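[1] Okay, sequence plus prediction incoming.
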Amino acid sequence: MQAPVLVLNTSTKRETGREAQLNNIMAAKAVASLIRTCLGPKAMLKMILDPMGGIVLTNDGNAILREVDVTHPAAKSIIELSRAQDENVGDGTTSVVILAGEMLAAAEPSIKKQIHPTVIIKALFRALEDATNIIDKYAFKIDPNDRTEITKIVRTCIGTKFTSRWSDLMCNLAIDAVKTVTLEEDGRREIDIKRYARVEKIPGGDMEDSRVLDGVMINKDVTHPKMRRRIENPRILLLDCPLEYKKGESMTNVELVNENDFTNLLKIEEEYIARLCSDIAKFKPDIVMTEKGVSDLAQHFFLKNNITALRRLKKTDNNRVARCCGATIVNRTDEIQESDIGTMCGLFEVSKIGDDYFSFLVQCKNPGACTVLLRGASKDVLNEVERNLQDAMNVARNVLFDPRLVPGGGAIEMAVSHALLEHAKSLEGLEQWPYRSVAKALEVIPRTLAQNCGANVVRLLTDLRARHATNPKANVAWGVDGEKGVVADMRELGVWEPYVVKTQTLKTAMEAACILLRVDDVISGISKKKEGGGGGAPQMAPEDMPDPPPPPSFF
């Protein structure tokens, strides 16, 4: 008999076939169970100690999973879902992981029954297509300009977060910020929250002191103590060049022959700075802001011309100021034009909050950018409030782009689940079993909501199933009241969710489950690099070789 041929390294661990699929399912279930209690208005918080020694206190799925260090490749794939969901729609990061874990758990019996993964995947994609059509049927449009309607949706998002106590304040902050950065031109709508809606957190004060500025705030003070700190209707010039003498990038040698040479050298530097400042002073700006440095001599010339200067602004801050006051960022002082000066700002003021000085550019006529000023007790609270506010702003943005809504509180999941179970009766062959399992998996959202608020889960879900079965169209909005743990009509509670978030959650979870089911071989091992420059490292004797590493765990 021929000896077996070893292709892989002996320290490599390999899982094949059904073992690999079942291990992947276990990993996905482990990740989902980690954040299952973070869903709904009665969600629990997780406290995570990050590698730097800081504390993350949150119930945001993406923020939790981002800090968790996992080794299993399937667990990493599931965590990636949360990040993708956060980048695409900004909300539903917890739901997507729970749903993906439940989809894989529902497919487990089919794999154990020897049903081929390709058949399961085909059934899952068919169920996804039918589920999307059902959600389309039950979705309805609202007027994106109706603030009351948008407030209801944002309140639903805030209701499951730490900041639910200040839901009215958070809703107003989110909607005001999104409306401020909305830009419409040639029938195209642009809402860039990431770039133009800056959240500035200042510990201290009361949460009710938080507000959206009609302009921007920068953590900078004027460069010279005698410069003006309050200017009404200022002319603002934005630069992207240093207002100091240019240093040589590498070693510079200067040969000085007589005593006047050094004086001439200094004079040339002074003349260069004077020329830069005279180029600027010609246009009579009140404020000059630059991303680079401002030398002492330049400050002197500015002070003589009654110009206030701010230096070393971040690129992002400079872009926001440009959008607020209508200025154009200039790269060279000799290219400044009158049209580059920003005149749309109503007030420039430097104020001290806590220990820091902040420059306010407010009362802008048509600000395309804004700063959300958050006050709170501590940094941990402010970090959590910022995460909640980002989710709320994303929800408001989604509704402005696609103003369709579906009922929240697990109602639409139950409606889709019932419709899929009815449709499964018309299917033939093996495909109907995985198809049915998708319908059962969708019940995880109302079930988790009921579990998290301490309700009688079996009785509540039975009641909910019965309502959706008796009259699917009329009872489509019946779901779980996450506060009281009872079955309720979401129309009366005003719990709505954006259509975009719901469909994206379903698509992301289903596609991730299909990808992991397609995996039939997991190879994990360490590739040892050769040490030294030319030759390889000396070979170890068998008795000196270390023990093989233990099999990878999920966490």
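    Sure, I can see it.

[2] all strands for the stretch 51-200 of the chain, in order.
    In the stretch 51-200 of the chain, the strands defined using DSSP state E, counting those that start in this stretch lie at 55-58, 140-141, 182-185, 188-191, 197-203.

[3] After the longest one, which helix or strand is next?
    In the C-terminal direction, the helix or strand that comes right after strand 197-203 (DSSP states H and E) is strand 211-212.

[4] Quick one: mean pLDDT over that next one.
    Taken as a whole, strand 211-212 has an average pLDDT of 91.

[5] contacting residues around it?
    Residues external to strand 211-212 that are found in contact with it (CB atoms under 8 Å, 6 or more residues apart in numbering): 172-173, 176-177, 180, 370-373. For glycine as for every other residue, the C-beta is placed from the backbone atoms N, C-alpha and C.

[6] Mind doing that once more with 6 Å?
    By CB atoms under 6 Å, 6 or more residues apart in numbering, the residues outside strand 211-212 that reach it are 173, 176-177, 370, 372-373.

[7] Now for Asp240, how many residues are close by?
    For Asp240, the count of nearby residues is 15 (other CB atoms under 10 Å).

[8] Check Pro403 too.
    As a burial measure, Pro403 scores 20 neighbours (other CB under 10 Å).

[9] Also Asn331?
    The burial count for Asn331: 8, using other CB under 10 Å.

[10] which non-adjacent residue is nearest the spatially most central residue of the chain?
    For the chain, the residue lying nearest the average C-alpha position, counting by CA atoms, centre = their mean, turns out to be Asp86 (4.7 Å). Of all residues not flanking Asp86 in the chain, Asn62 sits nearest, at 4.3 Å (CB to CB, 6 or more residues apart in numbering).

[11] Deepest-packed of the strands of the stretch 51-200 of the chain, please.
    Using mean count of other CB atoms under 10 Å, the stretch among the strands of the stretch 51-200 of the chain with the greatest mean number of neighbours is strand 197-203 (a mean of 19).

[12] What helices and strands are in contact with it?
    Here strand 197-203 touches strand 370-376, helix 379-401, going by 3 or more CB pairs under 6 Å, 6 or more residues apart in numbering; DSSP states H and E.

[13] In terms of mean pLDDT, which of these ranks lowest?
    Ranked by mean pLDDT, those end with helix 379-401 in last place, scoring a mean of 87.

[14] can you tell me which residues contact the residue lying closest to Arg311 once chain neighbours are set aside?
    Residue nearest to Arg311 in three dimensions, not counting chain neighbours: Val294, with 4.2 Å by CB to CB, 6+ apart. By CB under 6 Å, 6+ apart, the contact set of Val294 is 223, 243, 309, 311.

[15] Run through the strands of the stretch 451-555 of the chain in chain order.
    Counting by DSSP E, counting those that start in this stretch, the stretch 451-555 of the chain has strands at residues 478-481, 486-489, 496-498, 521-524.

[16] Could you export the contacts of strand 211-212 as JSON lines, including neighbour count?
    Written out in JSON lines, the entries for these read as follows (neighbours: other CB atoms under 10 Å):
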{"residue": "Leu173", "neighbour count": "24"}
{"residue": "Asp176", "neighbour count": "19"}
{"residue": "Ala177", "neighbour count": "26"}
{"residue": "Cys370", "neighbour count": "28"}
{"residue": "Val372", "neighbour count": "23"}
{"residue": "Leu373", "neighbour count": "21"}
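
[17] hey, which of the helices and strands packed on strand 197-203 is tucked in deepest?
    strand 370-376 (a mean of 24).

[18] Could you report the neighbour count for the nearest residue to Gly368 once chain neighbours are set aside?
    Taking CB to CB, 6+ apart as the measure, Gly368 lies nearest to Arg323, with 4.2 Å between them; neighbours along the chain are not counted. Here the neighbour count serves as a burial measure; for Arg323 (other CB under 10 Å) it reads 23.

[19] Likewise for the one 5 residues further on?
    Other residues within reach of Thr328, judged by other CB under 10 Å, total 13.

[20] Next up, phi/psi of it, please.
    With angles defined as degrees, to the nearest 10, Thr328 sits at phi -120, psi 130.

[21] Check the gap between it and Ile150 for me.
    Counting by CB to CB, to the nearest Å, the separation of Thr328 from Ile150 is 33 Å.

[22] repeat for Leu276
    In this structure, Leu276 and Ile150 are separated by 48 Å, where distance is defined by CB to CB.

[23] Would you mind listing the outside residues contacting stretch 86-95?
    For stretch 86-95, the surrounding residues in contact (CB under 6 Å, 6+ apart) are 35, 38-39, 61-62, 82, 85, 157, 391, 394-395, 398, 500-501, 504-505.

[24] which of the residues you listed lies closest to His300?
    Relative to His300, the closest of those is Asn394; by CB to CB it sits at 47.2 Å.

[25] Now for the closest one: which residues touch it?
    Counting by CB under 6 Å, 6+ apart, Asn394 has contacts 90-91.

[26] Am I right that Cys324 is in contact with Asp214?
    No. Using CB atoms under 6 Å, Cys324 makes no contact with Asp214, being 8.8 Å away.
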